[in-house]
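1. need coordinates for the following:
(one chain, ligands or ions: 1)
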Amino acid sequence: MRIPLSAPDITQAEIAAVESVLRSGRLSLGPRLEEFEQAISDYLGAKHAVGVSSGTAGLHLCVKALGIGAGDEVILPSFTFIAAANALRYERAVPVFVDIEPRTLNIDPGRIESAISPRTRAILVPHTFGIPADMREILAIANRHGLRVIEDACESIGAEFHGQKVGTLGDAGVFAFYPNKQITTAEGGVVVCRDAGLAARMRALRNQGRSISDDWLHHSEIGYNYRLSELHCALGIEQLKRIEAILRRREEVARLYRAHLKDCAALELPPFEVPGCRISWFAFVVRIRADRARLSRDALARELLKREIETGRYFGPIHLQPAYRSSTPPAQPLHVTQSIAARTLALPFFNQLTEESIAQVCDVLQEALR
Ligand SMILES: Cc1ncc(COP(=O)(O)O)c(C=O)c1O
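-> Numbering: from 1, shown residues only. Model (predicted):
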């Protein structure tokens, strides 16, 4: 049987919750949206939560609602999912790519200040694979230069930075619930923020530019349909009830991988401890060591697939994507990004992955490496 890269964890409770929405007759803009937003706020310790149709939609709303527009520059790493840069381009803002730290694969705070120009408006910070970025340094830089901070927490619900949940530290934070995430709503996302005005603006923008005080079919500005249906919210509410058990299980899966791979000389494993942080395990991404450069990551992935094991090549740097290559040259050399991106391999990772399957993946991987 094929071992997938990821798999959602759906129980009878989720099925019953979705069925009950279907039977209720109220499929959108109903009580489940409010309940889901409240549950997310409570869990994260966030002041406001705005449910949206995807993480990408959430990132776009942050950019738009923070007033970032044509020609404004936003600093972000190239080693992340393309949605972050796309959200900037929707508003004709300019992504300015900087390098990452080799250990956490997060934006390197030491690289940010040299990329700041008079046009810089914000720093967009992904918490890559569920590992918190160094928010203390990043917020200090942002304060010194009067910049906004958008956290891309799409891969990191539940991760903590010095006791505070990631996504709640910057001006706005975005979470995503695609089925490969720690919790899923099938498709969907949520934006959190402290500022009531910002939240109200995002609520209006997600619903065709209609603010709460507007009548039906009265639109104060041009908006979008970025709404999250009641079915998606019902699923999310049930998933969120189990989040602690889910995060603990994922930590256990990561621990089992580590136990099986710790003596593998050809691989570097992801960090298990980041001082002052709680990791929320999104994926288990190993790297072929730089001194084993003759080993091809892609050949390794093909070999595993032949043995019915799916893997992921997270991430192809954004500045090398055909959609960005010619239009958005990086502001500085991205040596770490380019060296690491060619060597990363995400192994199957999900709640129900058994120890037997983990052992199988690790045996096949080590055999292929030999
Ligand atoms: C880091 C990161 N940002 C943004 C997104 C976009 O989320 P969505 O797929 O829900 O639009 C994802 C999800 O894949 C992600 O991993």
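
2. I'd say Val192 and Ala49 touch.
-> Yes: contact criterion Cβ atoms under 8 Å: Val192 and Ala49 qualify, at 5.0 Å. (C-beta placed from N, C-alpha, C; glycine too.)

3. list residues touching both of those two?
-> Both Val192 and Ala49 are in contact with 40-41, where contact means Cβ atoms under 8 Å, 6 or more residues apart in numbering.

4. neighbour count for the two, which is higher?
-> Neighbour count, other Cβ atoms under 10 Å: between Val192 and Ala49, Val192 has more, with 26 against 23.

5. for burial, what's the neighbour tally of the closest residue to Leu44 other than its chain neighbours?
-> Among residues not flanking Leu44 along the chain, Lys165 sits closest, at 4.5 Å (Cβ to Cβ, 6 or more residues apart in numbering). By other Cβ under 10 Å, the residues close to Lys165 number 22.

6. gap between Lys165 and Pro77?
-> 21 Å (Cβ to Cβ, to the nearest Å).

7. repeat that for Glu160.
-> Remark: distance between Glu160 and Pro77 (Cβ to Cβ) = 21 Å.

8. who's more crowded, these two?
-> Counted by other Cβ under 10 Å, Glu160 and Pro77 do not tie: Pro77 has more neighbours, with 31 against 16.

9. identify the residue spatially nearest to the more buried one, adjacent ones excluded.
-> Closest to Pro77 by Cβ to Cβ, 6+ apart is Ile107, at 4.5 Å.

10. list the contacts of the one you found.
-> 75-77, 98, 100-101, 123, 125-126, 133, 138.

11. who does it form a beta bridge with?
-> Applying DSSP bridges to Ile107 gives these bridge partners: Ile100.

12. what about it, distance to Ala133?
-> Relative to Ala133, Ile107 is positioned 6 Å away (criterion: Cβ to Cβ).

13. shared neighbours of these two, which are they?
-> With Cβ under 8 Å, 6+ apart as the test, Ile107 and Ala133 both reach 125-126.

14. write out the residues of the protein neighbouring the ligand.
-> Residues of the chain lying near the ligand by Cβ under 6 Å from any ligand atom: 54-56, 80-81, 83-84, 126, 152, 154-155, 176, 178, 189.

15. switch to 8 Å and redo it
-> 54-59, 80-81, 83-84, 126, 128, 152, 154-155, 174, 176-178, 180-181, 187-189, 282 (Cβ under 8 Å from any ligand atom).

16. and these, which are buried?
-> Among these, the ones that count as buried by 16 or more other Cβ atoms under 10 Å are 54-59, 80-81, 83-84, 126, 128, 152, 154-155, 174, 176-178, 180-181, 187-189, 282.

17. tell me which of those residues fall in strands.
-> Of these, the ones assigned to strands by DSSP state E are 126, 152, 174, 176, 189.

18. what residues are bridge-paired with the last one?
-> Just to be clear, that refers to Gly189. Taking DSSP bridges as the rule, Gly189 bridges to Val52, Ala176.

19. ok, it touching Cys154?
-> Yes: counting by Cβ under 8 Å, Cys154 is a contact partner of Gly189 at 7.1 Å.

20. overlap in contacts, those two.
-> Shared contacts of Gly189 and Cys154, counting by Cβ under 8 Å, 6+ apart, come down to 55, 174-176.

21. let's have these in a markdown table, adding pLDDT.
-> Formatted as a markdown table, the shared contacts of Gly189 and Cys154 follow (pLDDT from 0 to 100):
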| residue | pLDDT |
| --- | --- |
| Gly55 | 98 |
| Val174 | 99 |
| Phe175 | 99 |
| Ala176 | 98 |
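
22. residue in the stretch 201-350 of the chain nearest to the ligand?
-> Residue nearest to the ligand within the stretch 201-350 of the chain: Phe282 (7.6 Å; Cβ to the nearest ligand atom).

23. next one: the chain
-> Gly55 (2.5 Å).

24. contact partners for that residue?
-> Taking Cβ under 8 Å, 6+ apart, we find Gly55 in contact with 83, 152, 154, 174-178, 189.

25. kindly recompute the last result at 7 Å.
-> Contacts for Gly55 (Cβ atoms under 7 Å, 6 or more residues apart in numbering) come out as 83, 154, 174-176, 189.

26. among the residues you listed, which pair sits farthest apart?
-> Farthest-apart pair in the contacts of Gly55 is Ala83 and Phe175; separation 12.4 Å (Cβ to Cβ).

27. got the end-to-end distance for stretch 104-115?
-> Using Cα to Cα, to the nearest Å, the end-to-end distance of stretch 104-115 comes out at 20 Å.

28. also stretch 60-70?
-> End to end - Cα to Cα - stretch 60-70 spans 14 Å.

29. how many residues are close by Glu113?
-> Neighbours of Glu113 under the rule other Cβ under 10 Å: 12.

30. once you drop chain neighbours, what's closest to it?
-> Distances taken as Cβ to Cβ, 6+ apart place Ile141 nearest to Glu113, at 6.1 Å, with adjacent residues excluded.
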